[in-house]
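> predicted model and sequence follow; I will ask about them next.
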Amino acid sequence: MRISKLQIQNFKRFTDLIIEDLPSSVKLVLLIGSNGSGKTSVFDAFEYLSRPAKRGTILEDKHYYAKDQSKDYTISVTLTDGTTLTTGNNHHLRNNPLAKKFYGRSSLRIEPRIQRTGKTGVIENDSDAPERYIDIDKRFNQDVFEYTKKINELLREPVFKGQQADTVKIFETYIQPLNDSLHNIFGLSPYSELQITRFNEEYDKPPRLYFKKGEIPDLSYDLLSHGEKQVIILLLNFIVRGAIHKDSIYFIDEMDVHLNTKLQYKLIKEITENWIPGNAQLWTATHALGFIEYANDIDNGVIVDFNDLDYDKVQILKPADKTNYQIFELAVSKEFIDKIFQGRRIVFAENTDTPLYNDLSLDNTFFFTAVDKADVFYKAKNLKTNGLIDRDYLTDEEVKLIQEIYPYIKILPYYSIENLLYHPENLAEYYADKNNDFNIEEYKSILTKEKDLERDYIVGGILQARSSYPFFKENEHAGKLKSFRGNWRAIVEMLRSKDFETFYRVFPAKDYGKSLEARKNLNRKDLAKMKWFRQKVEFILTHEN
């Protein structure tokens with residue numbers, strides 16, 4: 001079940017809030033905005049809508065829910081199949097099977113220590129949920145109770161039937177999924193690795209969970225950091241209650257609390273990809289840079305910006321433009337970035353190329369990762385900084401024109417960074433440093449023959465690749481875009497050339513030439529240490545267009 005539209009009227013601080021145009025493919029809906037911008041109002045709306053169906057109780061508190069006490073309030077959710085669920089203080093969705101499919105967590109859920117608690121029959125109808133999303137969420141203790149009880153039952157019940165407990169199944173169901181996720185999130189180094197090892201129960205005392213952390217073999221839950229507890233609380237909740245909420249709308253407020261940026265990204269990635277079922281949807285609110293970065297990276301994630309809303313007027317929100325880098329200013333302001341990097345050159349580069357550029361330690365230059373060529377283009381454009389992109393299939397004239405119109409974009413002289421790394425001049429320096437023979441002319445000859453053999457396959461991808469480039473798509477450049485799209489044949493002519501430097505500029509060296517003996521078992525990082533490579537990159541960045 002997924003939501004395509006939400007409307008709340010006279011509810012909390014909003015006169016009329018509409019969130020719409022959520023694609024049916026969206027699995028993650030990230031709500032961003034400054035403190036007090038109204039994000040949690042959405043979660044209160046989901047809880048209000050679903051509680052009568054799940055528990056048969058109605059949350060009647062007009063003082064809390066109604067913006068204008070003299071008027072009714074309504075909540076309307078439209079699902080991707082067109083079904084609409086509508087509720088309010090004068091109409092409730094009792095026993096509605098779809099209204100039951102909402103499951104939320106408030107931001108106040110950290111339990112510093114495990115308390116002895118636990119009741120049977122509470123997780124099926126979510127009766128231990130907080131009523132409002134300003135309330136403390138105390139479900140972790142219940143989750144620990146259910147977790148340990150279920151493992152104990154599976155271990156002990158077979159004994160009384162003369163059977164053997166299926167310990168493999170217990171491990172695969174209750175232990176391995178938790179440890180796999182803990183590894184994915186905390187496995188940055190052997191010292192931060194966290195794994196559950198056992199639990200302990202004593203009569204009339206709270207159960208204890210124990211973990212291995214780095215070289216510490218037996219660390220009690222009570223002694224973990226708040227960030228580590230945050231992750232364990234969320235994961236254990238999915239293990240205990242996930243089967244009940246397979247086809248649901250999950251809404252979890254501020255999952256990022258107490259986590260650094262790297263862990264933020266890993267946590268939201270792990271939960272979205274491995275704990276939210278494929279047909280479900282996760283809504284979460286955050287200020288975290290790691291969460292924003294992840295939502296920006298994936299195709300099935302959207303960002304809804306609550307910043308600077310006028311609560312007294314109709315507010316229609318749609319998924320934010322991911323190419324607008326201003327959404328990151330909610331986590332780190334542009335003024336802060338400018339201050340930190342004042343006098344230094346910031347360059348956005350494509351994905352896995354960034355570490356190689358940073359390893360060059362160019363004076364006063366910092367490279368930041370972007371997803372692809374388009375992401376580099378828009379980030380450089382919006383932040384008014386530099387972008388370094390692969391040349392791919394561009395003619396010399398097109399490179400010159402692009403750099404005239406977009407002076408903040410720097411373009412490699414060859415198809416990709418691999419063309420620089422595996423250029424015969426760079427390889428000659430590499431082999432000379434190792435006192436090994438390398439024949440430049442022989443290398444060029446072999447690569448030229450491979451190019452001629454593979455040329456038809458290369459040509460087949462030129463048109464599609466060029467159609468994805470972000471250049472000339474502004475209205476004032478419409479004429480250039482038409483000319484650009486019709487110029488793909490010039491690339492074909494470059495590939496037909498027998499002159500090495502001509503065809504090599506548009507030859508995909510990262511995909512072809514891998515079998516050449518001179519390229520076998522070479523490490524990109526080692527090749528990036530060559531002076532030839534460094535000089536080429538320095539020239540590109542310092543050369544005026």
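Looks like it arrived, so ask away. Residues are numbered from 1 along each chain as shown.
> which helix runs longest in the protein?
helix 139-160 (DSSP state H).
> which helices and strands does the helix or strand that it is followed by pack with?
Stepping forward along the backbone from helix 139-160, the first helix or strand reached (DSSP states H and E) is helix 167-170. For helix 167-170, the elements it packs on are helix 139-160, judged by 3 or more Cβ pairs under 8 Å, 6 or more residues apart in numbering; DSSP states H and E. Where C-beta positions appear, they are placed from N, C-alpha and C, glycine not excepted.
> what pLDDT, on average, does the helix it packs on get?
If you average the pLDDT over helix 139-160, you get 88.
> what comes up buried for it?
For helix 139-160, the neighbour count (16 or more other Cβ atoms under 10 Å) marks 139-148, 151, 154 as buried.
> what's the answer for stretch 293-302, then?
The neighbour-count check on stretch 293-302 (16+ other Cβ under 10 Å) flags 293-296, 298, 301-302 as buried.
> narrow those to those in strands?
Among the buried residues of stretch 293-302, the residues falling in strands (DSSP state E) are 301-302.
> out of the buried residues of stretch 293-302, which is nearest to Arg94?
Using Cβ to Cβ, the shortest approach to Arg94 within the buried residues of stretch 293-302 belongs to Val302, at 31.4 Å.
> surely that closest one and Pro23 touch.
Yes: using Cβ atoms under 8 Å, Val302 is in contact with Pro23, at 7.4 Å.
> now the common contact residues for those two.
Contact criterion Cβ atoms under 8 Å, 6 or more residues apart in numbering; residues shared by Val302 and Pro23: Pro319.
> residue contacts, Arg345?
By Cβ under 8 Å, 6+ apart, the contact set of Arg345 is 364-366, 386, 541.
> mind listing what Val42 touches?
6, 8, 19, 31, 251, 283, 285.
> state the distance from it to Lys444.
Val42 sits 61 Å away from Lys444, going by Cβ to Cβ, to the nearest Å.
> cool, Ala380 as well?
Ala380 is 34 Å from Lys444, by Cβ to Cβ.
> those two - which one has more neighbours?
Ala380 (25 against 14; other Cβ atoms under 10 Å).
> quick one: secondary structure of the residue nearest to that one when sequence neighbours are not counted?
Using Cβ to Cβ, 6 or more residues apart in numbering and skipping residues adjacent in sequence, the residue nearest Ala380 is Gly387, 3.2 Å away. Assigned by DSSP: H, G, I helix; E, B strand; the rest coil, the conformation of Gly387 is strand.
> show the pLDDT at Thr354.
Model confidence at Thr354, given as pLDDT, is 88.
> ok, His245 next?
For His245, pLDDT reads 81.
> ok, it - how many residues close by?
Using other Cβ under 10 Å, His245 has 19 neighbouring residues.
> same question, the one 3 residues further on
Other residues within reach of Ser248, judged by other Cβ under 10 Å, total 23.
> what sits against it?
Ser248 touches 1, 101-103, 277, 280, counting by Cβ under 8 Å, 6+ apart.
> over to Thr272?
If you count contacts by Cβ under 8 Å, 6+ apart, then Thr272 has 27-28, 282, 294, 298, 301 around it.
> dump those to a markdown table, plus pLDDT and distance to Asn96.
Formatted as a markdown table, these follow (pLDDT from 0 to 100; distance: Cβ to Cβ, whole Å):
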| residue | pLDDT | distance to Asn96 |
| --- | --- | --- |
| Lys27 | 95 | 23 |
| Leu28 | 96 | 25 |
| Leu282 | 96 | 21 |
| Tyr294 | 88 | 33 |
| Ile298 | 87 | 31 |
| Gly301 | 93 | 28 |
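> can I get those in a markdown table including distance to Arg505?
Shown next, in a markdown table, are the contacts of Thr272 (distance: Cβ to Cβ, whole Å):
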| residue | distance to Arg505 |
| --- | --- |
| Lys27 | 40 |
| Leu28 | 40 |
| Leu282 | 45 |
| Tyr294 | 35 |
| Ile298 | 33 |
| Gly301 | 36 |
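> rewinding a little: so which elements touch the longest helix of the chain?
Counting by 3+ Cβ pairs under 8 Å, 6+ apart, helix 139-160 packs on helix 167-170, strand 194-200, helix 226-241.
> okay, those, which one's buried deepest?
When the helices and strands packed on helix 139-160 are scored by mean count of other Cβ atoms under 10 Å, the highest mean neighbour count falls to helix 226-241 (a mean of 20).
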